[in-house]
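In: Quick one, what's the 3D model for this:
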Amino acid sequence: MDERGYSLVEMMVVIGIIAILLAVGTLRFREYFRNYQVESQARGIQADIMRVKATAIYQRRPVRLKVYPTRLETYSTATDRDGGAEPVDVRVLDYPVVQSKTGNVLDFDETGTTENERTICTEGGEGAAVDSVVVGNIRVRIGKLASGSDCHGESVTSR
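Out: Numbering: from 1, shown residues only. Coordinates of the predicted model:
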């Protein structure tokens, strides 16, 4: 009698190998996806800061950005909620951020400069290529926080 096909044992071995590969692939995919989201958030924060700087220059007036652990609020002037103004834009963050300085205000004057230098770091970005934004007087740069370091500009490697 001529035998064709696979035995039950061979099929179970193949299914077991496929299950192991899927499990490993799923874990890696989750890690890659989280890293992508952290990088995307850091780049989005940098873009928001650059947009606020450009608005201050274009409109020739001070503009305020407030950075909270879970959101960014943009104001059309240097007046915020405390002064009775509502934000023109609120960006909710997927991952919490920490800052190198106390206070959450970033004021940009009509020349696009700020006196509120700080570093903004996204938490949970250990495997991401970029996870931090360093805001200087005139320059905004993005980078990677050194492993195990506090959120300070000196600990961030520019990318």
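In: mind listing what's buried in the helix or strand of the chain with the lowest mean pLDDT?
Out: Sorting the helices and strands of the chain by mean pLDDT, DSSP states H and E puts strand 156-158 at the bottom, at a mean of 87. Across strand 156-158, burial judged by 16 or more other CB atoms under 10 Å covers residue 156. Where you see a C-beta, it was placed from the backbone N, CA and C, and this is true even at glycine.
In: Adjacent strands (with direction) for that strand?
Out: Take DSSP bridges as the rule and strand 156-158 pairs in its sheet with strand 140-145 (antiparallel).
In: and the partner strand, how far out from the chain's middle?
Out: From the chain centre to the centre of strand 140-145 is a distance of 10 Å (CA atoms, centre = their mean, to the nearest Å).
In: And for stretch 104-122?
Out: The chain centre lies 17 Å from the centre of stretch 104-122; the measure is CA atoms, centre = their mean.
In: cool, stretch 131-148 as well?
Out: 11 Å.
In: Average pLDDT for that stretch, rounded please.
Out: Here stretch 131-148 scores 91 as its mean pLDDT.
In: Next: stretch 90-99.
Out: Rounded mean pLDDT across stretch 90-99 is 94.
In: can you check stretch 107-122 too?
Out: 93.
In: Give me the distance between the two termini of it.
Out: With CA to CA, to the nearest Å as the measure, the ends of stretch 107-122 fall 21 Å from one another.
In: Now do the buried residues in it.
Out: Residues of stretch 107-122 classed as buried by neighbour count (16+ other CB under 10 Å): 107, 108, 109, 112, 114, 116, 118, 119, 120, 121, 122.
In: Next one: the residue nearest to the fifth one when sequence neighbours are not counted from residue 15, what distance?
Out: Spelled out, that is residue 114. Distance criterion CB to CB, 6 or more residues apart in numbering; nearest residue to residue 114, sequence neighbours excluded, is residue 108 at 5.1 Å. Distance of residue 108 to residue 15, computed by CB to CB, to the nearest Å: 60 Å.
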